[in-house]
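# Predicted model and sequence follow; I will ask about them next.
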Amino acid sequence: MTATRLAKGGYIDRDQLLNFTWDGRTLHGHAGDSLASALLASNQQVLGRSFKYHRPRGLMSAGVEESGALVTIGRGDHRDANVRATTQELYAGLVAQGQNAWPSVRFDAGSISNLFGRFLAAGFYYKTFMGLPPFEWGSGTGMWMRYEKIIRKAAGMGEASRSPDPDHYEHAHGYCDVLVVGSGPAGRGAALTAAKAGVDVILVEQEAILGGDTLAQPQAADNLADQIKALKGAGVRIMARTTAFGLYDGGVAGLLERVTDHLAEPPMWMPRQRCWTLRARYTVLATGALERHVAFGNNDRPGIMTANAARVYLNRFAVRAGENIVIATNNDSAYAGAAELAQAGASIQILDARKSIPDAIRAQAADAHAALRTGAAPLMAHGAKGITALDIAGQHAANWREAGKTDCDLLLVSGGWSPVVNLLSHRGVKPVWDADLACFVPGQTNEPLSMAGSAAGIWNDNACLLSGQAAAERAVAHLGGAQGSSAAPAPGGWQGAITPLYEVKVPGRQLKSFVDPQHDVTTEDIRLAHREGYVSVEHLKRYTTLGMATDQGKMGNIIGLALMAEALGKEIPQVGTTTFRPPYTPVSLGALKGRNVGNHFRALRRTPLHEWNLEHGGTMTMAGLWHRPWYFARSGETIGDAYVREAQTVRRTVGLCDVTSLGKIAIQGPDSTELLNRIYSNPFAKLPIGKARYGIMLRDDGFVMDDGTTWHLRESEYFMTTTTAHAGKVMAFLEELLQTRWTDLRVHVTSVSEQWAGVAVAGPKSRQVLESCVENPAAVSDANLPFMGVLETTLKGKVPCRIARISFSGERAFEVYLPSDFCPDIMDALWESARSMNGCLYGLEALGALRIEKGHVTGAELDGRVTIEDAGLGRMASDKKPYIGSALRKRPDMARDNRPRLVGIFPRDRREIFNAGSLLCAPDHIEGYGEGWITAVTHSPALGHWIGLGFISGGHSQWHDKTVVCADPIRKGNTAVEIVSPHMFDPDGERMYG
Amino acid sequence: MAERHSALGAGYTRGPHGKPGEPGVRLQEITGLVLHQVAAWPQTVAQVGNQLAQAIVCTSAPQPGHSATGSYGIALRVEPLKWWLLNTEPPQLSVDSGATLDLSHSRTHIRISGPEAATCLNRLIPIDLRESYFTDGQVASSGFHHVGVTLWRSPTGFDLFVPRGFALSLWEILLETAEQFGLDIS
C-alpha cells in the first residue's frame, strides 16, 4: 500500500504540522487529521496485531467500527488502551504504540500462534484445558486458573495502567426539546427544521467536526460550512466530539463528550471527558449506516478496508490510500469513490459481484477509467504485512470459482450497509430484516423517537435530508407545534439492487476468512459451532465470541448471522439478531464515575467541630458519611494507649466528646405526644415537660429499628435523638407514617441534625464543667437538672442551648446541644474548664469502651435481627398500648426462650483477647454458626481486662456457669470465654444516677 | 454573642480560580443566614400563608415551588405545607395554626451567579435550569452529589441552601467544577 498525502483538499490545516510518536518513531500529520489518517499518510501499514493469532492488522475503516488499528495512547498513568486510531484526533506530541505484540507490531514474536491457527478454533481453550486430563485430572478448576494467566497474556488487547487514573472527569445534566443524534444530511435537516419551528434543539456529533457522511464527499458537492452556520443561526446547540452511547427510559440519552482528548496540554481545570444525562422530549436518530466487509481469504490483511473508508481518507483527510486499487462491491455505493480515487491519480479495478449493473453505474466506472468485472469477487489476498495481490473469484451458477489473480496495493470492500439501529435497540425495539436492501432496518416504536437518513435504510443524500426534515416535523407536532407536510422517503435509493454477499469461497480451497476480526472469529469457527450443535445466535455469540469485542459486532454480526443461517438452511431473520445494549462505543469508567472519586467518592459530612478536633490532636474515622474523632493521642501514644487513657479519665474526672453526628429530629404539633406514643414501644404519653426518656423503636415486623432519647421541650414540641447510623432511616419512617398511615395527626417532623451541634460532657466533674460555661450555673444544679432532666438555657456568650442529663458512658453526664455555628467558641470554653480539672477529649474508641463496659447497645448490636427482648430491654415494652411492631413482636419465634440474647463476655484467662465477629460455640460443637456471635470488644480500663458484648442463644442464664468457646477460625483461633451479664461495670448505675 | 463560624472555613479562598479572564461563574457564601421554617396544617395553609405574607409585607404567600419577596423578608415554599422564611423572624403561630422552627444554623447559603452559573450547576444538579423552565423566583429541592439541597432562582443568581455538615464537601466539588468557566469567589 502506497498512500499519498494530496496537495489540496480535505478538512485539514496544512499550515499546522503536528509531530507525534508511533511505536517510538516520530512522524507528523496536520491539524484536522485523525491518528489513522496521519499514520496512513505516513505509510504505516501494520498498526496492530490480532487478538488470538497475532496476525498483522491495518486500517479497516475510518470510524467507530474500526477493528484493525486498535492502539495504546499516552504514557504511564495516562495510558489509554484499545483506542481506535480512526477516532483519535491527532495533536502535537501524541504518543501512540501498537499493542498485543512483542517487540512491536511490525515484528511480533507472538505471530507464531498463527501457524497453529487450525488448532485454535472456537472453544479451543475450554476443550483443551478445562476438566480434561492430564491438564486437569479431576481437580476442579485450579489448574485452569494457572493456564488462564498464560493464555490471557498470549491473547488480548492493550494493557491498561494499574495506577489510579490521573485525569478527572465530570457528569453533566442537559435538557432540550429535540435531540438529534448525527450531523449527516438527515441530522442537519432535522435539526434545522426543528429549530426553525422554534423548539430547543441539541445536535450531537461524535466527530470533531459536523458533517457525517458529507465529509466523505468532495467539498464542492455540499456547502457544509453554510449549513453549519445556518444551524447555529437557528439556535441549534451543537455538541461535537460527543457520542450518544445509550438511550434510556423517558427520553434520557447517555452522552460521552470527549472534552480534552484532542488537546496536547489540556488545561488542568478542564475534565478529560464529560458524561451527560440528557433529557429530551423527542429524539431523532440520524446515526447513519456502517459499511460491511465480506469474508474471503486473508480478508484481514493490512491494505484492505471498506470502500467508504478510502473515500473518507481521500475527501476528509486528503490522503489517497493506495495507487493500484481494487474495489470489490455488491452495490452501487462504491462507484462514487472509485471515480474520486481515479481523479486523485489511482488506477482502479472494480469487481462487482452482481452479474448486471445499471448503465449509469457502469458509466461511473468508465469515468474512473476502471476495469470493471461483473460477477466477480475477492477470493484471497496475498502479501505478508500488506496486500500485494488478490485472487479473484468468478461466479459460476450458484458457486464461485477461481478466476484469476491481480496485483494491487489496496483492496476496498463494500459488502453492503448496515443502518446503525443500536440506540433504537436500546429501547427494546427489534430491527426488521429487509431482504431487498440486505440489512436490518429500524422497527416501529411508540416512543417519541424517529429514525432518519441512512439509519432508516435510506441511501440517497437528498432523500436523507427529506427524511430528517420529516422526522423533525413529527417531533414538532409531538411537542404541540404545527403538523408538517413532509413524507418520509422509503428505504433504499440505489439504482441497482444489491446482491447479498457475505462470504466468497471455492470448493476444495482452505481459506482463513474472518468474520469478526477483533476477536479473530473466522467463518470456520461459525461452521464449527453449528456442527457442534449451536443453533441459537445468542449461544453462537458466546461460544465463538463473535461480536463480543470492543466494536460489539459492528463489523461482523451480519456476516456471522448470514453464515449461521446458511448452515441452518434458514433465512437471516429466522436466525435472529443479537440485541444491542449500551454503550454504542466504549465509555471509560472514569467518565461514568465523574467527580465521585478520591475524597469525593462519597460526600463527606463534617461536624462544626471538625477543624477544632483536628487542631486538638484528633484522629478521625468514618461513621457513615460523618467524620468523627476516633481518639486524641498524646505524643508517643498508640490508639490503644489513647483510648484507655481517655476512658479512664472520663471515669476519674471528666471528658468531652463531639456527638454532633447523632440524629436529631424536631417533632412539633398538637399530636406530637400521640405520635411518640405510637412509634416507641415504651410509654411516652406522660413524659413531663423538661424530661427526657430513653425509647426503643421497632419496625413493623417487631424487630428493633433504633433507640435514642426524646426530650419534652414544650407542650407540643419534642426533640428526638437517634443513633448516628439510623438517623436518616428514622426520619424517613416518621415522614412515611405521617404522610401515609396517620394523615390525621397534626405533627411536623423536621431533621435538625445540622442545626444543633452536640457535645457530651461525661464524668464525675461534668457538672462543674457545665457550671463554668452556662450563664446561670444554678440552672444545672442537681435539683434543677436531675438524671433525665432537660433544660433550655444560655451558655456564656448568649448562646442558646439545650442540655439533658443523660449518659452513654455510665458516668454522670450531660449532652449539650447548641446552634452549630457557635460550637467552636463554646467548645473552647468547655475544654478550658475540663482541662483545668485534668479532663480530656475523647473519641469514638473510648466511647465504645465505656459503653461496652455498661452494656449499652448501638448499631453493632441493633443490626435488624434483634428483638427488644434479645437486647435485654423487653421490660421497657408496654403491654397497655399499641405501637409500631407491637403485634408482630409477639410471634412465637420472636418469643422463644432460646433466641440469641445480649450478654457480656470475659476471656476465661483474663490475659487473653478475642475479636468482634467471632462465633460463640459450645466447646463440644465448634462448627456452623455456633450458638451466637460477638458484636463488640474492648479492653476495659475499669475491669483491667478484655471484654465483649454479643448474643448467645438463651442468654446469660443459659451459659453463665459454662465454658464457651469464642471461635475465630481465620484470624485468632479459639479462645475460652465465659458469659456474664452485659452490665459489666456499675450494674446498678450508682455513678450515673449519683 | 459568640461568633458564628462558617462551615466552609479554610475552603473559602477568595479571588480568581481556574480559567483566566472574565469569570463565567461567581460564588459567594451569604453568611449570617437567618432561616425559619413556617409550617401549617392542611386546614390552615391559607391562614398561615396570610400571616406569612403580612409578616414580610408581600401580596400573598408563594405557591409550592415558588418564592415571594416582601419588604421584610423572603419566603420560599419548600413543601406544600412548609415555607422557609429568610432574613426575618417568623410570625407567631398558635399550636392549632402551625409551627415555626429556627433552621438558621442548619444550612450554608451559597450564591452562584455569572453567565455560566446555570451551566455550572447543571454539572451537578439534575434540574432543567433553562430560563423558560426554571423561572425567576422558582424553588426546587434536588440532589447534589446525593445530598438533598434547596435551590432558589433569586434576583441575583442561584441561591443554594446545603446542609451544613456537607457544605464544605459540596463546596469543594462546586469549586472544582466552576474552575473551567473561570471562577471568582467574593
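Yes, it's here. Numbers count the residues shown, from 1 in each chain, chains lettered A, B, ... in the order given.
# what about the strands in the stretch 201-350 of chain A?
A:201-204, A:237-239, A:242-248, A:252-258, A:273-285, A:289-291, A:304-306, A:319-320, A:324-329, A:347-352 (DSSP state E, counting those that start in this stretch).
# now do chain B
Per DSSP state E, chain B carries strands over the ranges B:15-17, B:25-29, B:35-40, B:67-70, B:73-79, B:82-86, B:98-102, B:107-113, B:139-144, B:147-154, B:157-163, B:183-185.
# Low-confidence regions, the chain specifically.
The chain I'm using is chain A. A:1, A:114-119, A:125-126, A:128-144, A:147, A:151-156, A:220-222 (pLDDT under 70).
# look at chain B instead
Those would be none, if you go by pLDDT under 70 across chain B.
# which secondary structure elements does the longest helix along it contact?
If you go by DSSP state H, chain B has its longest helix at helix B:164-178. On a contact count with 3 or more Cβ pairs under 8 Å, 6 or more residues apart in numbering or on different chains; DSSP states H and E, helix B:164-178 meets strand B:25-29, strand B:107-113, helix B:117-121, strand B:147-154. The C-beta positions use only the backbone N, C-alpha and C, and glycine is treated the same way.
# Report the buried residues of the last one.
What it means is strand B:147-154. B:147, B:149-154 (16 or more other Cβ atoms under 10 Å in any protein chain shown).
# Which one of these is nearest to chain A?
Closest approach between the buried residues of strand B:147-154 and chain A, by Cβ to the nearest Cβ: B:Val147, at 5.1 Å.
# show me what contacts the closest one?
Contact analysis of B:Val147 by Cβ atoms under 8 Å, 6 or more residues apart in numbering or on different chains lists A:603, B:162-163, B:166, B:170.
# and it, what are its bridge partners?
Counting by DSSP bridges, B:Val147 is bridged to B:Phe144.
# cool, A:Cys966 as well?
Beta-bridge partners recorded for A:Cys966 (DSSP bridges): A:Leu920, A:Thr975.
# ok, it touching A:Thr975?
Yes. Here A:Cys966 reaches A:Thr975: they are 4.4 Å apart, a contact under Cβ atoms under 8 Å.
# ok but A:Val769 is inside a strand, no?
No. A:Val769 is assigned helix when assessed by DSSP: H, G, I helix; E, B strand; the rest coil, not a strand.
# Geometric centre of chain A: which residue is closest?
A:Leu592 (5.0 Å; Cα atoms, centre = their mean).
# A:Leu920 versus that one, what's the distance?
For A:Leu592, the distance to A:Leu920 equals 44 Å [Cβ to Cβ, to the nearest Å].
# what does the stretch 651-800 of chain A have sitting close to chain B?
A:660, A:666, A:668-670, A:715-717, A:746, A:748, A:750, A:752-756, A:795, A:797-799 (Cβ under 8 Å from any Cβ of the partner chain).
# Break chain B into its domains for me.
B:13-32+B:105-185, B:35-102 (automatic domain parsing).
# Quick one: end-to-end length of the last one, please.
Terminal residues of domain B:35-102 lie 6 Å apart, using Cα to Cα, to the nearest Å.
# now the longest one
As for domain B:13-32+B:105-185, its first-to-last residue distance stands at 7 Å under the measure Cα to Cα.
# now swap in stretch A:446-456 and tell me
16 Å.
# List the buried residues for that stretch?
So for stretch A:446-456, counting by 16+ other Cβ under 10 Å, buried means A:448-456.
# Show me what stretch A:741-748 is in contact with.
A:666-672, A:674-675, A:678, A:738, B:39, B:41, B:81-82, B:96, B:98-99, B:101.
# From these, keep the buried residues only.
Applying 16+ other Cβ under 10 Å to the contacts of stretch A:741-748 flags A:666-672, A:674-675, A:678, A:738, B:39, B:41, B:81-82, B:98-99, B:101 as buried.
# related to what we said a few turns ago, strands - which of the residues of the stretch 651-800 of chain A next to chain B land there?
A:666, A:668, A:717, A:748, A:750, A:756, A:795, A:799.
# Out of those, name the two that are farthest from one another.
With Cβ to Cβ as the measure, no two of these lie farther apart than A:His748 and A:Leu795, at 27.3 Å.
# thinking again about what came up before, what do A:Cys966 and A:Thr975 both touch?
Counting by Cβ under 8 Å, 6+ apart, the contacts common to A:Cys966 and A:Thr975 are A:907, A:914, A:918.
# Which of these sits closest to chain B?
Among the shared contacts of A:Cys966 and A:Thr975, and counting by Cβ to the nearest Cβ, the member closest to chain B is A:Ser918, at 34.6 Å.
# List the contacts of that closest one.
A:Ser918 neighbours (Cβ under 8 Å, 6+ apart): A:933-934, A:966-968, A:971-972, A:975.
# ok, and the closest non-adjacent residue to it?
A:Asp968 (4.1 Å; Cβ to Cβ, 6 or more residues apart in numbering or on different chains).
# now the helices: where do they sit in the stretch 501-650 of chain A?
A:523-531, A:537-544, A:557-568, A:572-575, A:589-593, A:610-615, A:639-652 (DSSP state H, counting those that start in this stretch).
# And the contacts of the next helix or strand after the last one?
Sequence-wise, the next helix or strand beyond helix A:639-652 is strand A:655-658, with elements assigned using DSSP states H and E. With contact meaning Cβ under 8 Å, 6+ apart, strand A:655-658 is reached by A:607, A:609, A:613, A:628-629, A:646, A:649, A:757-763, A:769, A:809, A:827, A:830-831, A:834, A:839-843, A:846-847.
# So which of those residues sit within strands?
Those of those lying in strands (DSSP E): A:628-629, A:757-762, A:840-841.
# of those, closest to chain B?
A:Ala757 (8.0 Å).
# Tell me the spacing between the closest residue to the closest one other than its chain neighbours and A:Val799.
In this structure, A:Ala757 finds its nearest non-sequential neighbour in A:Cys823, 3.7 Å apart by Cβ to Cβ, 6+ apart. Per Cβ to Cβ, A:Cys823 is found 9 Å from A:Val799.
# Those two: which has the busier surroundings?
A:Cys823 (28 against 21; other Cβ atoms under 10 Å in any protein chain shown).
# my read is that one is in a helix, agree?
Yes. According to three-state DSSP, A:Cys823 belongs to a helix.
# Just the element for A:Glu792, please.
strand A:790-795.
# can you dump the C-alpha coordinates of that strand into CSV?
What follows is strand A:790-795, C-alpha atoms only, in CSV (Å, rounded to 0.1, in the frame of the first residue of the first chain):
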residue,chain,number,x,y,z
VAL,A,790,-33.9,18.6,80.3
LEU,A,791,-33.1,22.3,80.3
GLU,A,792,-33.1,25.1,77.7
THR,A,793,-30.8,27.8,78.9
THR,A,794,-28.0,30.1,77.7
LEU,A,795,-24.3,29.5,77.5
